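*Asks:* next input, structure requested:
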Amino acid sequence: MAWLACRAGRLSTASPGGVSRPDPTQRPPCGRPYPRYKVRFPMLSPGPLIALVDDDEAVLNALRRLLRACGLRAEGFASGRAFLDSLADHLPDCAVLDVQMPDLSGWEVQAELITLGLPVPLIFLTAHADAAARERALCNGAVAFLRKPVTAQRLLEAIDAAIRGGPAESGVA
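*Replies:* Prediction:
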């Protein structure tokens, strides 16, 4: 089975052993090589679905582009309510939630998922990280609690852990 290596928006095929063969027709505009991320997702048809919930449209678009470049399906929601309403149609493999949103906060979305008994692994993103918030998220079942701005590598590792059903290696990044 072929594997995808995410290369800042460019894809290259790689063997399961991790040896990458970049596409020679794609060159970075600056002449420097694209960064390589260590997380690799198997090419699935369709790939895992990641729900992105953030009231900042620029953040949603950036995360959506990153995840799609890595072979993941991503759908964005501008509010917690819109995300919860979408769950009647399908469940994502993982959800990346902003903590502070005007409609429903990430905490309220997490509480609603617990109340409904929906097993959606959650990754929290916040600009205001503190130990109490991290503890609250992780104690209620979140896979990771990441501080904005988050590196692509850290986010992809947390998503990989969520999809595989385990905790991320560290909480706040």
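*Asks:* find the nearest non-adjacent residue to residue 134, please.
*Replies:* residue 145 (4.4 Å; C-beta to C-beta, 6 or more residues apart in numbering). To be clear about C-beta, it is placed using only N, CA and C from the backbone, and glycine gets the same treatment.
*Asks:* look at the one you found and give its secondary structure.
*Replies:* Recorded secondary structure, residue 145: strand (DSSP: H, G, I helix; E, B strand; the rest coil).
*Asks:* which residues in the chain form helices?
*Replies:* For the chain, the helices defined by DSSP state H cover 57-69, 80-86, 106-116, 131-139, 152-164.
*Asks:* closest to residue 93 out of these?
*Replies:* Of all the helices of the chain, it is helix 152-164 that lies closest to residue 93, at 5.4 Å by C-beta to C-beta.
*Asks:* orientation of the closest one relative to helix 57-69 in degrees?
*Replies:* For helix 152-164 against helix 57-69, the angle by axes from the mean of the first three to the mean of the last three C-alpha atoms, to 10 degrees is 70 degrees.
*Asks:* residue ranges in this structure under the pLDDT threshold?
*Replies:* Within the chain, the stretches with pLDDT under 70 are 1-45, 166-173.
*Asks:* and with 90 instead?
*Replies:* 1-47, 70-71, 89, 102-103, 127-130, 148-149, 164-173 (pLDDT under 90).
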